[in-house]
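Peer 1: how would this look folded up:
(one chain, ligands or ions: 1)
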Amino acid sequence: MTVTYKLEPGGALTGRIRVPGDKSISHRSIMLGSIAEGITRVSGFLEGEDALATMNVFRAFGVRIDGPERGDVMVHGVGMRGLKAPHKMLDCGNSGTSMRLLCGLLAGQNFDCALTGDDSLRQRPMQRIAEPLGQMRAEIVTAEGGRPPLKITGVANMRGIEYRLPIASAQVKSALLLAGLYARGKTCVTEPAPTRDHTERMLAAFGYPVERNGGTVCVTGGGKLTATSIDVPADISSAAFFMVGASIAPGSDVTLEHVGVNPTRTGAIDILRLMGANIELINQRQAGGEPVADIRVRHAELRGIEIPVELVPLAIDEFPVLFVAAANARGVTVLRGAEELRVKESDRIQVMADGLRALGIGAEPAADGMRVTGARYGGGVVDSHGDHRVAMAFAIAALRAGAPITINDCSNVATSFPGFVELADSAGLKIKCD
Ligand code: S3P
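Peer 2: Numbers count the residues shown, from 1 in each chain. Next comes the predicted model:
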């Protein structure tokens, strides 16, 4: 099914909005709930295709999962050794998180399985997972070029390792920690820069001991998880579209409700504030081991900045829409140290540069980032290359465009943000879907 977005230029964003549940936390709630003992109750679960792909995979392992019913899910945990061999190839759809975390979890099971995904996922690098898991004695065979499909042979004698991540990746870190639950001895992962720590927090919430020391996190195999309740906050990565939209569109004033503001995820807030954005965190509180807040954003004049490189992993999914913020800022914005953007759901440096240029915005891609010169821009036709966040970023760009924008290939918005068109329309974006 092809989906095209058509946007009229202008408008402002107003009102109180609750965006769907956090994708990273939703995936992990199913994974850990499934291998826990007892029933895990999840609320606020993301009913998007990526999280549903994870849910379907665990159903194929024989786990009973009720829901989702308006974000409520019940996972009937089968314990550490209770997963059963699936009867078919497991399809992770568009979801890199499903595939990479599953590799860690499946490496030490007493059965074999095969994982695949859609055209985008089958282009993404898996050697970063297979190589360190191999050091733990896992047997993971990739297709040509280290890409999916993957064959995983369950092994009984996994061993813990100490691993220094060559790239800042929460998916690789999480895969190793999940494998570490099934390995003999201790598995320690040291990251070059902080990345999202939902796996560590959620393991602790399930009663599994996690040692943290500076940039190193360790688990010791052989323990067990005890079911718990998980309140999934709204996804800051989805909220970011409205944060940028409200910042760039005069007259905007939105409050995003119950958003996860884990400090390993708030890089976009820091970057936007450095650009001059007016963002206020209200009613900060804890929900299920994660910090949450309501986020009020009002229009402000933005200025171009050099994005501090230490903020890159903390905003890694938000760059498509941050480039749109940069296009609306006075002066030049420079991003460096973000080569990981080239291996996301699309090559987000090239695809965003092409789209920005199609609208008449000066964008100069580099191997590890981009230089964007803020200016007035027109409309035009943009191709999202099936990347959900690229599609939504260009939809937000329409708030300040001089003419209509058409965005092709938008069906994958449903992977992370079901209901985007309706919610954005109700907040003031002039969007129609074909
Ligand atoms: C995620 C980690 C990040 C992020 C992805 C979700 C996770 O990927 O881009 O959307 O849930 O652990 P990397 O680990 O590849 O940076």
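
Peer 1: Every contact and neighbour count from this point should use C-alpha atoms.
Peer 2: Noted.

Peer 1: could you pull out the helices for the stretch 51-200 of the chain?
Peer 2: 96-106, 127-135, 170-180, 198-205 (DSSP state H, counting those that start in this stretch).

Peer 1: Now distance to Pro9 and mean pLDDT too, for these, in TSV please.
Peer 2: Shown next, in TSV, are the helices of the stretch 51-200 of the chain (distance: least, Cα to Cα, whole Å; pLDDT from 0 to 100):
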stretch	distance to Pro9	mean pLDDT
helix 96-106	33	98
helix 127-135	42	98
helix 170-180	37	98
helix 198-205	38	98
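
Peer 1: Gly62 contacts Lys84, correct?
Peer 2: Yes: with contact defined as Cα atoms under 8 Å, Gly62 reaches Lys84; the gap is 5.8 Å.

Peer 1: Around the ligand, pick out the residues from this structure.
Peer 2: By Cα under 6 Å from any ligand atom, the part of the chain that sits against the ligand consists of Ser24, Thr97, Ser169, Ala170, Gln171, Val172, Ile316, Asp317.

Peer 1: so where do the helices sit in the stretch 251-400 of the chain?
Peer 2: Going by DSSP H, counting those that start in this stretch, the stretch 251-400 of the chain shows helices at 267-274, 319-327, 348-358, 388-397.

Peer 1: any chance of those helices in JSON lines, plus mean neighbour count, distance to Gly48 and mean pLDDT?
Peer 2: JSON lines is the format used below for those (neighbours: other Cα atoms under 10 Å; distance: least, Cα to Cα, whole Å; pLDDT from 0 to 100):
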{"stretch": "helix 267-274", "mean neighbour count": "20", "distance to Gly48": "22", "mean pLDDT": "99"}
{"stretch": "helix 319-327", "mean neighbour count": "27", "distance to Gly48": "19", "mean pLDDT": "99"}
{"stretch": "helix 348-358", "mean neighbour count": "22", "distance to Gly48": "21", "mean pLDDT": "98"}
{"stretch": "helix 388-397", "mean neighbour count": "27", "distance to Gly48": "11", "mean pLDDT": "99"}
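
Peer 1: Next, format those helices as CSV and append distance to Ala427.
Peer 2: Formatted as CSV, the helices of the stretch 251-400 of the chain follow (distance: least, Cα to Cα, whole Å):
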stretch, distance to Ala427
helix 267-274, 20
helix 319-327, 17
helix 348-358, 24
helix 388-397, 12
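
Peer 1: Pro404 is nearest to which of these?
Peer 2: Closest to Pro404 of these is helix 388-397 (Cα to Cα; 10.2 Å).

Peer 1: roughly how far apart are whichever residue of the stretch 251-400 of the chain sits closest to the ligand and Gly245?
Peer 2: Closest to the ligand within the stretch 251-400 of the chain is Asp317: 5.2 Å, counting by Cα to the nearest ligand atom. Distance of Asp317 to Gly245, given as Cα to Cα, to the nearest Å: 16 Å.

Peer 1: what sits against the nearest residue to Arg342 once chain neighbours are set aside?
Peer 2: Closest residue in space to Arg342, ignoring its immediate chain neighbours: Arg348 at 5.6 Å, by Cα to Cα, 6 or more residues apart in numbering. When contacts are counted by Cα atoms under 8 Å, 6 or more residues apart in numbering, Arg348 is found next to Pro320, Leu341, Arg342, Val390.

Peer 1: Please parse this structure into its domains.
Peer 2: 5-21+234-433, 23-222 (automatic domain parsing).

Peer 1: JSON lines please, covering the ones you listed and showing distance to Thr228.
Peer 2: Listed next are the domains of the chain as JSON lines, based on distance: least, Cα to Cα, whole Å:
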{"stretch": "domain 5-21+234-433", "distance to Thr228": "9"}
{"stretch": "domain 23-222", "distance to Thr228": "5"}
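
Peer 1: Give me the neighbour count for Pro86.
Peer 2: Neighbourhood size, Pro86 [other Cα atoms under 10 Å]: 17.

Peer 1: pLDDT wise, what is it at?
Peer 2: Note for Pro86: predicted pLDDT of 98.

Peer 1: cool, Pro291 as well?
Peer 2: 98.

Peer 1: swap in the one 4 residues further on?
Peer 2: Model confidence at Ile295, expressed as pLDDT, equals 99.

Peer 1: Next up, the contacts around it.
Peer 2: Thr255, Leu256, Glu257, Val259, Ile279, Glu280, Leu281, Ile282.

Peer 1: Write down the beta-bridge partners of it, one by one.
Peer 2: Leu256, Leu281 (DSSP bridges).

Peer 1: Against Glu162, how distant is Gly93?
Peer 2: Taking Cα to Cα, one finds Gly93 at 31 Å from Glu162.

Peer 1: The residue lying closest to Lys151 once chain neighbours are set aside: what's it in contact with?
Peer 2: The shortest distance from Lys151 to any non-neighbouring residue, by Cα to Cα, 6+ apart, is to Ala114 (4.5 Å). Each residue near Ala114 by Cα under 8 Å, 6+ apart is listed here: Lys88, Met89, Leu90, Pro149, Leu150, Lys151, Ile152.

Peer 1: Generate a ChimeraX selection restricted to the buried subset of those.
Peer 2: The buried residues among the contacts of Ala114 can be selected in ChimeraX (16 or more other Cα atoms under 10 Å) with this line:
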select :89,90,149,150,151,152
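
Peer 1: need the contacts of Ala114 in a markdown table with distance to Lys430, can you?
Peer 2: Below are the contacts of Ala114 laid out as a markdown table (distance: Cα to Cα, whole Å):
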| residue | distance to Lys430 |
| --- | --- |
| Lys88 | 43 |
| Met89 | 41 |
| Leu90 | 39 |
| Pro149 | 40 |
| Leu150 | 42 |
| Lys151 | 45 |
| Ile152 | 47 |
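
Peer 1: Quick check: the two most widely separated of the residues of the chain next to the ligand?
Peer 2: Largest separation among the residues of the chain next to the ligand by Cα to Cα: Val172 and Asp317, giving 15.8 Å.

Peer 1: Those two: which has the busier surroundings?
Peer 2: Val172 (26 against 21).

Peer 1: With adjacent residues omitted, what lies nearest to that one?
Peer 2: Ile129 (5.8 Å).
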